[in-house]
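Asker: With the sequence up front, the predicted model follows.
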Amino acid sequence: MSVGSATFHSVFLGPPGAGKGTQAKELVDRGDVLHISTGDMLREHVQGGTDLGRQAKEFMDSGRLVPDELIISMVDERLVRPDAAGSWILDGFPRTVPQAEALDSSLERAGAPLTHVIYFRVPHEGLIRRLTGRRTCSDCGAIWNVFTKPTREEGVCDACGGALKQRADDREDAVEQRLQQYNALTEPVLGHYSDRGILVEIDADRSPEQILEDLVSALQEASI
């Protein structure tokens, strides 16, 4: 399945564990689509010692959030590179209405306005199972889930035999806190994009194949 000749500029929104990264990777694997992760951008600038990276590192090293204007500057810089001339997905930003408004202005100036904002909707109980059940191999990095994708032997990776670990932020109390924080900050962003008429909600509490089918249809429907 491919998005064919459709060209789109999309933001993927959804709570932790909704599967945004998984679906973005599927689209990248199937066509000429650029996946822009704000986390990856931050790491690239910090590791590369750019001016933006040095500024961001000062905030990160002191435990403060990187200001919106720095993230926007990184997005601006990323979108003028040649590989961003076609379709792209922005993942991990915006998370607040002020960030969304700043992004809107930045993209309008660049002549690359958003065509879609995809919201991956998953019930709270499903997110709890996905996140608390997640286990990562300490050797090869493979990800499993004790509920939805268990290994043949508990605590042992099927791929390489390495030991499986649970991330500290995937423990139930931490997961509840992450989801509460997400809902408080990000739900107003959905209203912002709904008012603009570019919000598309997808039922992400299904198989990855079903989600991908609906996602491709949505991206083809209102592309450039």
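Answerer: Sure, I can see it.

Asker: how much space between the nearest residue in space to E26 that is not next to it in sequence and Y193?
Answerer: Nearest-residue entry for E26: L212, 5.4 Å, with adjacent residues in sequence omitted and distances by CB to CB, 6 or more residues apart in numbering. The way it works is simple: take the backbone N, C-alpha and C, and place the C-beta from them, glycine included. Taking CB to CB, to the nearest Å as the measure, L212 falls 21 Å from Y193.

Asker: So these two - more neighbours on which side?
Answerer: Counting neighbours by other CB atoms under 10 Å for L212 and for Y193 shows that Y193 has the greater number, 22 against 19.

Asker: So S73 sits against L52, correct?
Answerer: Yes - applying CB atoms under 8 Å, one finds S73 in contact with L52, separated by 5.7 Å.

Asker: Those two: who's more crowded?
Answerer: L52 (20 against 17).

Asker: Could you name the specific helix or strand carrying that one?
Answerer: Assessed by DSSP states H and E, L52 sits inside helix 51-61.

Asker: Just name whatever secondary elements the helix or strand that that helix is followed by is in contact with.
Answerer: Next along the chain after helix 51-61, taking DSSP H and E as the criterion, comes helix 68-79. Contact analysis of helix 68-79 by 3 or more CB pairs under 8 Å, 6 or more residues apart in numbering; DSSP states H and E lists strand 33-37, helix 38-48, helix 51-61, helix 97-110 as its packing neighbours.

Asker: and of the ones you listed, who's closest to Y182?
Answerer: Comparison of those against Y182 by CB to CB identifies helix 97-110 as nearest, at 13.7 Å.

Asker: Quick check: which ranges of the chain have low pLDDT?
Answerer: Scanning the chain for pLDDT under 70 picks out 1-5, 222-224.

Asker: For the most centrally placed residue in the chain, which residues are in contact?
Answerer: The chain has D91 as the residue nearest its centroid, 3.5 Å off, counting by CA atoms, centre = their mean. Applying CB atoms under 8 Å, 6 or more residues apart in numbering to D91 gives the contacts V11, F12, K20, G21, A24, H35, I36, S37, T38.

Asker: what's across from it in the sheet?
Answerer: F12, S37 (DSSP bridges).

Asker: Distance across stretch 31-43, terminal residue to terminal residue?
Answerer: Start-to-end span of stretch 31-43 (CA to CA, to the nearest Å) is 25 Å.
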